[in-house]
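Trainee: Fold the following, please.
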Amino acid sequence: MSARAFCIPGVVLLFCAFVLSLIVAISLPALPALDITRTHFSSGSLAAGNSSGEIGQLRVLRAYCIYDSSSGDRTCIDQGHGYAVTVSGNSSITIGSSWTRGLAVHPVATIVTFIAFLLSLSSHITVMLLSSIASGLAALLTLIAFAIDIALFVYVKHKMADLDVEEHTITGPGFWITFATFLLLLIASCTVCFGRRKERMAGATAYPSKPGVLNKLAFWRR
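Mentor: Numbers count the residues shown, from 1 in each chain. The predicted model follows:
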């Protein structure tokens, strides 16, 4: 099997990783279902952000969405990079901007993943090396983004418990899509790297051996 055929799975994996990373990066307002963490409220009169009605659900992603408990209407608020959201009832808690600012790593990881995918389309050995490096960098950035998502989820779950109401905080689909993206990038970087190594080894064995070397080998075989 040729080295190029060996790299094809890496190209496919990079494309899939790019698509998954992209839909998480642009999740709001186009795809609010792909949140990082969400909290369901079963009781208590609560309000969040600029919402005046009682909230039944709060979703945190690149911005945040509030779901009215009675009508089910959704209000998504995009305050830009590093937003804060306050949930108030009998008591009040605030998810500060220092915990949401790190979500900006998601778009950066998406851009690097796209660059790695474009580079993987080339059959040039040097470009294949750059693609492998870019894939590894994209995997590292995605891992950092996933670590930020974990920290955000743990913090939100801890803060919501301080409201003293019946609530349930869980991870959203965007959380697990980020994890899947990291795995795809990790496998893709290894696949492209192995493909480049196979290409380099094929080029090294293509050179003919010197006659003197062949004669010495023949002598020792005798």
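Trainee: quick one: average pLDDT of the helix or strand where residue 118 lies?
Mentor: If you go by DSSP states H and E, residue 118 is part of helix 105-120. For helix 105-120, mean pLDDT is 94.
Trainee: Could you do stretch 132-146 as well?
Mentor: Confidence over stretch 132-146 (mean pLDDT, whole number) is 94.
Trainee: Which residue, neighbours along the chain excluded, lies closest to the spatially most central residue of the chain?
Mentor: In the chain, the residue lying closest to the centroid (Cα atoms, centre = their mean) is residue 178, at 3.5 Å. Spatially, and ignoring its direct neighbours in sequence, residue 178 is nearest to residue 146 (4.9 Å; Cβ to Cβ, 6 or more residues apart in numbering). For every residue, glycine as well, the C-beta is placed using N, CA and C.
Trainee: and that neighbour, how many residues sit next to it?
Mentor: Counted with other Cβ atoms under 10 Å, the neighbours of residue 146 add up to 22.
Trainee: now residue 124
Mentor: The burial count for residue 124: 11, using other Cβ under 10 Å.
Trainee: That one and residue 131: what is the separation?
Mentor: According to Cβ to Cβ, to the nearest Å, residue 124 stands 10 Å off from residue 131.
Trainee: Which residues in the lengthiest helix in the chain does the neighbour count mark as buried?
Mentor: Scanning the chain for the longest helix, with DSSP state H as the assignment, gives helix 125-160. Neighbour-count burial for helix 125-160 flags 128-132, 134-146, 148-150, 152-153, 155-157, 159-160 (criterion: 16 or more other Cβ atoms under 10 Å).
Trainee: Kindly report the same for stretch 31-41.
Mentor: 32, 34-41.
Trainee: still on that earlier bit, now do the SS call for the residue nearest to the centre of the chain.
Mentor: helix (DSSP: H, G, I helix; E, B strand; the rest coil).
Trainee: For it, list the residues it contacts.
Mentor: The neighbourhood of residue 178, defined by Cβ atoms under 8 Å, 6 or more residues apart in numbering, consists of 21, 24, 36, 106, 142, 145-146, 149.
Trainee: in the protein, which spans are helices?
Mentor: Taking DSSP H as the test, the helices found in the chain are 3-25, 27-30, 97-100, 105-120, 125-160, 173-204, 211-221.
Trainee: Quick one: these as CSV, columns for distance to residue 47 too.
Mentor: Output for the helices of the chain, formatted as CSV (distance: least, Cβ to Cβ, whole Å):
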stretch, distance to residue 47
helix 3-25, 28
helix 27-30, 20
helix 97-100, 19
helix 105-120, 28
helix 125-160, 14
helix 173-204, 25
helix 211-221, 82
